[in-house]
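J.: one predicted model, sequence on top.
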Amino acid sequence: MQIICVSKGAQGAGQELARSLAKNLGHLCVSRGELVEAATSDGIPVGKLEMAMVRGRGFSQRLALERDHYLAFSRAYLCERALSESVVYHGRTGHLLLPGVGNVLRIRAVQDVESRIAQVMRELTLEREAATRYIQDVDADRERWVRNMYGVAVDEPVNYDFTVTLHQLGVDNAASALVASAQLPDFQLTPASVRVLEDLHLGARARMALARDEKTYRAAVKVRADRGVVTVNYLPQDSDAAPHIRRVLEGLSGLDDLRITMATATLLWIQEEFQAHSEVYAKVVEIATKWNAAVELVRLAPESAKPTEGSAVDPATGASFGQNQTQNGGIEEDGPDLEIEDGGVSATLDELAGAGRAGGGKSVYGGQQDLVEALDRGFPYTLVVVGEAFLSKAHAARVRATRDLRSFLADRIRAPVVTADELGEQYLFGRRDILRTVVFLAITVLLFYLVFSNQERVLAFMANTGWYADAVRDTFISRFDWLPKVVVSLALVFFIPLVAYSYGRVTGAFMKLIKME
């Protein structure tokens, strides 16, 4: 099986390219128009979502839910077709509906502006100026839609494998050229890619089942699936719907286990090897408990650690099985009766489930871009923790790589990103905070004591009537009468920030101590 996604602009030839490519390859051709029609028939107000997103009107609570429903429906719609046969999908960055699925061929079709203007003038009978404005407006709307839905720029080159300009090449020639590329092993779905696709399909179907039930329709839940285990996180205000979640999802085909967690936020924890009883684990769980958050695990392992097809690990001996190396889309392939080596993800998730903090998990093989592409762009995180990764590197190189990853994620994820070393310092009260709190508390008390025990002198100083003002006047000639005012201003400039800083450090440490932000 194969998935090809063609992204196109307004009045471009991307649709013709997708159809020609599908015809040459013998694939099913699916358009965004078909998807939108199916979603509308299912009761999702796609038109209202479109207007809210592209016109910047913001989202009401109801529209935010409909946005989640639309994403789940779109994902389920595309996964269902891709799991049954090879698909060429054309629309707005359809590949972003499939985070973590490797081997998807991503194509950006571009046509020159003059050809697009001529096409609009011909099809819509518009003057050139009106046609130009029409194209600009539609392109801007599409850009806002993609950015608001997935948090990326529609024309960012890193999101595509090929960018095809159709002015000189032409649709048929471009399709013929792409056929050869589509037949490369890199763009064929592997068993592991299919497994990720199945998990996305299961998670999307679970979300839609909750959206279709009258008892859970209004619940703002987040649903993930990994190897048949579905994790549902719901907000405290949706506790009335919580008893119905298990009823709705029990019996869902492909569901092996169901984990339901109440959480007001989600922490993303990235690491190469997880240990349920490590120091970082304790810090993450403490913060998650303090914030009433679920913890999502992502194992970031090097490309060289990608398991072979059918490989697994004997739980008793640790021996690996399976010899044939394949490209598996970033998720390790399962064996029938053996435990999968997943870097401690499953064991740590079990511990998190026991603590009521499980938020799902996955393994990603590769680098920074592979990690970002594997994340669901439409899912908001409260905090991202980058733990120990790049373990094969020397210590200095590992530190640099971790800092680079933190910076890379901070530019692409709408959430604070910290390393494991920074985690405790910024969000937890530790031994260092005790000494710092004592020092700044002493400074704060001293400053307040000096001010309140010398109120008359302070007031005289600020009013330029104290002894220092007389000394200045006696020392300097009259043309320096302005000097006392300058002294007062400088004193206030340095004194007030000092008091604010020391007092802020004390209150901040106190908030951390009582576990309140």
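T.: Here it is on my side, so go on.
J.: please make it C-alpha for all contacts and neighbour counts, starting now.
T.: Will do.
J.: ok, now how distant is the residue lying closest to residue 371 once chain neighbours are set aside from residue 403?
T.: Nearest residue to residue 371 in three dimensions, chain neighbours excluded: residue 364, at 6.2 Å (CA to CA, 6 or more residues apart in numbering). Relative to residue 403, residue 364 is positioned 19 Å away (CA to CA, to the nearest Å).
J.: swap in residue 160?
T.: Distance, residue 160 to residue 403, using CA to CA: 26 Å.
J.: what's the answer for residue 203, then?
T.: For residue 203, the distance to residue 403 (CA to CA) stands at 32 Å.
J.: same check on residue 118?
T.: Distance from residue 118 to residue 403, counting by CA to CA: 49 Å.
J.: kindly report the same for residue 360.
T.: Computed with CA to CA, the distance linking residue 360 and residue 403 is 25 Å.
J.: more crowded one of those two?
T.: residue 360 (27 against 15; other CA atoms under 10 Å).
J.: phi first, then psi, for that one.
T.: Here is the backbone geometry of residue 360 (degrees, to the nearest 10): phi 90, psi 170.
J.: how about the strands in the stretch 101-250 of the chain?
T.: If DSSP state E, counting those that start in this stretch is used as the criterion, the strands of the stretch 101-250 of the chain fall at 105-110, 162-165, 222-226, 229-234.
J.: so where's the chain uncertain?
T.: The chain contains residues with pLDDT under 70 at 9-12, 54-60, 307-340, 377-378, 428-431, 464-484, 512, 514-517.
J.: could you chop it up by domain?
T.: Domain ranges of the chain: 3-187, 191-262, 265-427, 431-513, per automatic domain parsing.
J.: so how far is the first one off the chain centroid?
T.: The chain centre lies 21 Å from the centre of domain 3-187; the measure is CA atoms, centre = their mean, to the nearest Å.
J.: quick check: phi and psi on the closest residue to residue 418 other than its chain neighbours?
T.: Once flanking residues are discounted, residue 418 sits nearest to residue 385: 5.2 Å by CA to CA, 6+ apart. Torsion angles at residue 385 (phi, psi; degrees, to the nearest 10) stand at phi -110, psi 120.
J.: cool, residue 267 as well?
T.: Torsion angles at residue 267 (phi, psi; degrees, to the nearest 10) stand at phi -100, psi 130.
J.: that one: what's it in contact with?
T.: By CA atoms under 8 Å, 6 or more residues apart in numbering, the residues touching residue 267 are 288, 293-296, 381-385.
J.: and the gap between it and residue 301?
T.: Taken as CA to CA, the span from residue 267 to residue 301 is 19 Å.
J.: over to residue 359?
T.: For residue 359 relative to residue 301 (CA to CA), the value is 20 Å.
J.: ok, now residue 170?
T.: With CA to CA as the criterion, residue 170 and residue 301 are 41 Å apart.
J.: which of those two has more neighbours?
T.: residue 301 (24 against 14).
J.: separation between the nearest residue to that one once chain neighbours are set aside and residue 211?
T.: Leaving aside its sequence neighbours, residue 301 sits nearest to residue 365 (CA to CA, 6+ apart; 4.9 Å). Distance from residue 365 to residue 211, counting by CA to CA: 33 Å.
J.: check residue 358 too.
T.: 22 Å.
J.: neighbour-wise, which of the two wins?
T.: A direct count of neighbours by other CA under 10 Å for residue 358 and residue 211 places residue 358 higher, at 29 against 23.
J.: would you check that that one makes contact with residue 345?
T.: No: applying CA atoms under 8 Å as the test, residue 358 and residue 345 come out as separate, 11.0 Å apart.
J.: need phi/psi at residue 266.
T.: The phi/psi pair for residue 266 (degrees, to the nearest 10) is phi -130, psi 130.
J.: pretty sure it sits against residue 381.
T.: Yes: using CA under 8 Å, residue 266 is in contact with residue 381, at 5.2 Å.
J.: neighbour-wise, which of the two wins?
T.: A direct count of neighbours by other CA under 10 Å for residue 266 and residue 381 places residue 266 higher, at 24 against 19.
J.: could I get the contacting residues of that one?
T.: Residue 266 touches 293-296, 359, 380-383, counting by CA under 8 Å, 6+ apart.
J.: what distance separates the start and the end of stretch 243-263?
T.: By CA to CA, the extent of stretch 243-263 from end to end equals 15 Å.
J.: who's in contact with it?
T.: Residues outside stretch 243-263 that contact it (CA under 8 Å, 6+ apart) are 202, 206, 209-210, 213, 215-216, 228-236, 239, 292-294, 353, 356-359.
J.: drop anything exposed from those.
T.: By neighbour count, with 16 or more other CA atoms under 10 Å, the contacts of stretch 243-263 hold 202, 206, 209-210, 215-216, 228-236, 292-294, 353, 356-359 as buried.
J.: do you know how far the spatially closest residue to residue 32 that is not a sequence neighbour is from residue 151?
T.: Nearest residue to residue 32, sequence neighbours excluded (CA to CA, 6+ apart): residue 91, at 4.9 Å. Taking CA to CA as the measure, residue 91 falls 17 Å from residue 151.
J.: pretty sure residue 390 contacts residue 401?
T.: Yes: with contact defined as CA under 8 Å, residue 390 reaches residue 401; the gap is 7.2 Å.
J.: what about residue 39, which SS state?
T.: helix (DSSP: H, G, I helix; E, B strand; the rest coil).
J.: number of nearby residues for it?
T.: 19.
J.: quick one: buried residues of stretch 153-171?
T.: 153-155, 159-160, 162-166, 171.
J.: I misspoke; the intended subject was stretch 26-41.
T.: 27-32, 35-36, 39.
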